[in-house]
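Novice: Give me a 3D structure for the following:
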Amino acid sequence: MVDPKNPKLRIELAKIWLDLFDGLDKDIWAKAVDIALAESKVYPDDAQMLEYVVRAEVGDTPKAAPAPAAPATAAKKLSNTERMAEMFRRAKAGDFAGALQLSHSDYTADEIICFAKENWHDVNDAWIDKNYRELRQLLWQKKSCDKCMSLHGCQWHGMRSKGVIDKYSGCLNLVAEECPLRRPKKQ
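Specialist: The predicted model follows:
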């Protein structure tokens, strides 16, 4: 299997294919590539590509791709109890990615990435993936606190979380601090 992000490995694979299928007709190669694109999610190895070429020579067509799953954007219209029921139904059926998407449907990944890069400028995608839950919690609290006008209706009881990066592990830790509205004003 070839890593699609590594251009050197893709170039080596292309050289192998050029040597292996040197005298092949262009139309047959085009049909084989169509079959490979329709049926394979990763770069096929030599044996798989040879199978696709043989199928293209015989005149075989690509197998029909399975119908895509229902988009998770429809889940945003569900109430919380319906969303939780749908999430557990998907998890029991084995669709863990869909269940995870439903559990995080309140914020998109782009919002969380923008929030992380806005507050910590030198973070990368691996760090964001590692600290996704904490970033989501901080974003949720930030949006809640942006709407807050006083301590009377504060759902956090005058305390808020602040993200601090641990200097040893590099993980994001949530630390409680007092809300600025709770502190007495100095005169």
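
Novice: buried set for the helix ranked longest in the chain?
Specialist: With DSSP state H applied, the helix covering the greatest number of residues in the chain is identified as helix 132-147. Residues of helix 132-147 classed as buried by neighbour count (16 or more other C-beta atoms under 10 Å): Y132, E134, L135, R136, L138, L139, Q141, C145. For the C-beta atoms, the positions are set from N, CA and C on the backbone; glycine is no exception.

Novice: pLDDT check: weakest of these?
Specialist: pLDDT across the buried residues of helix 132-147 is at its lowest for C145, which sits at 81.

Novice: Enumerate every residue touching that one.
Specialist: With contacts taken as C-beta atoms under 8 Å, 6 or more residues apart in numbering, C145 has the following neighbours: W156, R160, C179.

Novice: wait, is the second one part of a strand?
Specialist: Spelled out, it's R160. Yes - the secondary structure assignment for R160 places it in a strand, going by DSSP: H, G, I helix; E, B strand; the rest coil.

Novice: give me the number of residues near it?
Specialist: The local packing count at R160 equals 22, with neighbours defined by other C-beta atoms under 10 Å.
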